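Engineer: my questions are about this predicted structure, shown below with the sequence.
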Amino acid sequence: MEQWEKQLQQLALEAQQHPQKSRTRRLILTRLVQEIQESGKLSRRKYNCPQEVYDEALQELWLYLFRKIDTYQPKSSVINWVNFILKRRLIDAFNRYTKKGKEYSLDAPRSSPSGTVTQSGTTYLDTLAQLEETLLPSQLVRQCLEEDPEGLFASRHVRGYPQANFRIIALLHLDGNTWREVAVAVGLGEKKESTVQGFHRRCCQFFADKFQEYLEAQL
């Protein structure tokens, strides 16, 4: 096992020693994600799928890593374990991709699917009414986000970063990660924490009715 592989394994095993949702564990996992991203060893274009499918699978991978690091066993290298999970997530992402329609960014200018700025320069976000925050049971919110049967949450992403979609960002945040940790996990970098936080807030407002509808259906 090479030195970089030993480093990844050390971080994975160290994270397992700390309680779930603890700050120390999250910091270690954030560093692990960064190390994996910088290793250049992730399986990439060997799979015959659109780039957006690969990006979505990658974010599902990071989400799994933050939640299920305890399932890693040192008998295999971290990178092999990660690539195995990535392959499975690619299958899931591709299945979702074939079922959903066009993706839109909430930050894209109005009447401009290609992203070209309109004369007014207003975005879809600018036209949304400021809805009052609705307090919903966290477990139902999580369930709603995870199911996402219509692909609505996964289709809303930070402009220019299709891999940084609302579904992944919201689930990482519900897991107790800081905005900086979420920004790193979705590939924006730690300096983009305010971007991620603002995007999450606007999406929560945008989907307030959807969450409320889901909650009422469960009662």
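Structural biologist: Happy to help now that I have it.
Engineer: now the spatially most central residue of the chain: closest residue in space that isn't a chain neighbour?
Structural biologist: Centroid-nearest residue in the chain: residue 168, 2.6 Å away (criterion: C-alpha atoms, centre = their mean). Nearest residue to residue 168, sequence neighbours excluded (C-beta to C-beta, 6 or more residues apart in numbering): residue 59, at 4.2 Å. The way it works is simple: take the backbone N, C-alpha and C, and place the C-beta from them, glycine included.
Engineer: if we can go back for a sec, do you know how far the residue nearest to the centre of the chain is from residue 83?
Structural biologist: 19 Å (C-beta to C-beta, to the nearest Å).
Engineer: SS state for residue 26?
Structural biologist: helix (DSSP: H, G, I helix; E, B strand; the rest coil).
Engineer: thinking again about what came up before, residue contacts, the residue nearest to residue 168?
Structural biologist: 163-165, 168, 185-187 (C-beta atoms under 8 Å, 6 or more residues apart in numbering).
Engineer: please identify which helix or strand holds it.
Structural biologist: Taking DSSP states H and E as the definition, residue 59 sits inside helix 51-68.
Engineer: run the chain-centre distance for the next helix or strand after that helix.
Structural biologist: Sequence order places helix 78-99 as the next helix or strand after helix 51-68, per DSSP H and E. With C-alpha atoms, centre = their mean, to the nearest Å as the basis, helix 78-99 stands 14 Å off its chain's centre.
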